[in-house]
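**Student:** Next come a sequence and a model predicted from it.
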Amino acid sequence: MQTTQFKNRRKQFFCEIPHGVAIIPAGSAAENRLYPNSDFIYLTGLEEFDCVALLSTARKKPQYILFWKESDEKQKIWEGARMTIKEVKEASGADRVFPLDKLTQQLAEYFTGAETLYYTLNIDQNLDRLVLQSRDSLLKQKYMPTIAPATIGELGLVMEKLRVHKEKEEIAAIRQAVDITAEAYARAMREAKPGVYEYEIEALVSYVFRRAGCLGSSFPPIVASGANATVLHYKHNNRRMAQGDLLLLDVGAKYHNYCADVTRTWPLSGKFTPPQKAVYQAVLAAQKAVIAQIKPGVEVQAFHHQAIFLLTTSLVELGLLQGKVDELIEQKAYEKFYMHKTGHFLGIDVHDLGGFFLQGNTRRFEPGMVVTVEPGLYIRPGTEGVPPQFAWIGVRIEDDILVTAEGCEVLTDKIPKEVEALEELLACGRV
Ligand SMILES: [Mn+2]
């Protein structure tokens, strides 16, 4: 673990919470989560559950405190031994490490003197109760000269400010996650054929990720063939793929805590049919145009509006919508075929902190931000005015984009998406 990197982050964090105390839980292993809370990982570098970090600027010197659950004899047998308190202190660089069951007692101590409590409510209700009760009991001490955290500050807003710009180590980790994901795509494009089950491709992708040392996927893999490609969060992955299908694969490796998130759609037979190609090219053109606009200073929401404009224009050209483009946009007619946002921030969380706005203020792209760009079209028959040749075609194309000083870099550009490149690649190994 690179402790200086995390120490620097905590230094920045301390600047954001003057006269404050922050509580950042790792989350509980008992919840069956795969990964600890991302804010906790970001500030401590510890990839561990059942631990709470407390960061305080209420006293002269900023303080970094951990509450750690040591394993008892039974847990050592069933789950293996966790680090001892001494080992955690060494590994984390914390000023002090207390046993987790001392949390209640210590909260009162560390809340004293802080004006603001930074915390995210409604994630862990047991912890909420503990934290709020400790604060309440201090606020009620009317006959003592106690300063208690009168204000509750939103920890998420502080974290967003820090996490929305990626440091070079974070970008390097995302690049690694992207490389591993690219390998999974190379394998999947070779192996996915009519007659193969979707879960076989899921297994292949998971194999590539684990073999490369990833803890797992950034999110449950979507292996959606044929009509399943029109289901946005399809997760059964149990269909036998057939001749003539498009396969929509939406997967991402999580490497050293950082996520990749990539979607490609390709014809299993190796060649797009004319209607598949028409829809595919509409999505690809929109995706490339949107990416070309990304640079510092541009509003983040602009890329979504641009994608809607381009896709609506194509839907009219394809005969899937009738009318004037601006009126169709006004009426949100495109939502029949394009019902999700065009991208999201990417980092430790696959849907990382960041959005179109921050507290009502329009967010603009800045160097170091990483976002996905993932327009799509999903055509279900029965939707009014759908020509039959387009029925059940689902296409999404998603890349991971790093905003640079001059413009942007497509981190996932080694994974083919051009029609010719895909057809050429798919022709190899197919008769
Ligand atoms: Mn995505």
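**Tutor:** Now that the structure is in, tell me what you want to look at. Numbers count the residues shown, from 1 in each chain.
**Student:** which SS class is the residue in the stretch 301-431 of the chain that the ion sits nearest to?
**Tutor:** Closest contact between the stretch 301-431 of the chain and the ion, by C-beta to the ion, is at T372 (4.4 Å). C-betas here are computed from N, CA, C, even on glycine. For T372, the secondary-structure state derived from DSSP: H, G, I helix; E, B strand; the rest coil is strand.
**Student:** What's the separation between it and P145?
**Tutor:** Distance from T372 to P145, counting by C-beta to C-beta, to the nearest Å: 52 Å.
**Student:** so the residue of the stretch 301-431 of the chain closest to the ion makes contact with G347?
**Tutor:** No: because the distance of 11.0 Å does not satisfy C-beta atoms under 8 Å, T372 is recorded as not touching G347.
**Student:** Just list the residues touching G244, thanks.
**Tutor:** By C-beta atoms under 8 Å, 6 or more residues apart in numbering, G244 lies in contact with P194, P267, L268, S269, T273.
**Student:** And those residues, which is closest to Y255?
**Tutor:** L268 (28.3 Å; C-beta to C-beta).
**Student:** any idea of the pLDDT on that closest one?
**Tutor:** In this prediction, L268 carries a pLDDT score of 95.
**Student:** Just put the contacts of G244 in CSV and tack on neighbour count.
**Tutor:** Rendered in CSV, the data for the contacts of G244 read as follows (neighbours: other C-beta atoms under 10 Å):
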residue, neighbour count
P194, 13
P267, 20
L268, 22
S269, 16
T273, 14
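**Student:** V164 and G354 touch, don't they?
**Tutor:** Yes: in this structure, V164 sits in contact with G354. The criterion is C-beta under 8 Å, and the distance is 4.5 Å.
**Student:** where do the contact lists of those two overlap?
**Tutor:** Joint contacts of V164 and G354 (C-beta under 8 Å, 6+ apart) are F345, M369.
**Student:** hey, where'd the helices end up in this structure?
**Tutor:** Along the chain, the segments classed as helices by DSSP state H run 3-16, 38-44, 73-78, 85-92, 103-111, 125-139, 155-163, 168-191, 198-211, 274-293, 300-317, 325-330, 419-427.
**Student:** Tell me which residues of the longest one come out buried.
**Tutor:** For helix 168-191, a neighbour-count test (16 or more other C-beta atoms under 10 Å) marks 170-171, 173-185, 188-189 as buried.
**Student:** For the stretch 151-300 of the chain, which residues are neighbours of the ion?
**Tutor:** For the stretch 151-300 of the chain, the residues in contact with the ion under the definition C-beta under 5 Å from the ion are D261.
**Student:** Contact partners for the residue in the stretch 151-300 of the chain that the ion sits nearest to?
**Tutor:** Minimum separation of the stretch 151-300 of the chain from the ion (C-beta to the ion) falls at D261, amounting to 4.1 Å. Remark: with contacts taken as C-beta under 8 Å, 6+ apart, D261 is in contact with S218, F219, D250, G252, L346, V350, T372, E374, E398, D400.
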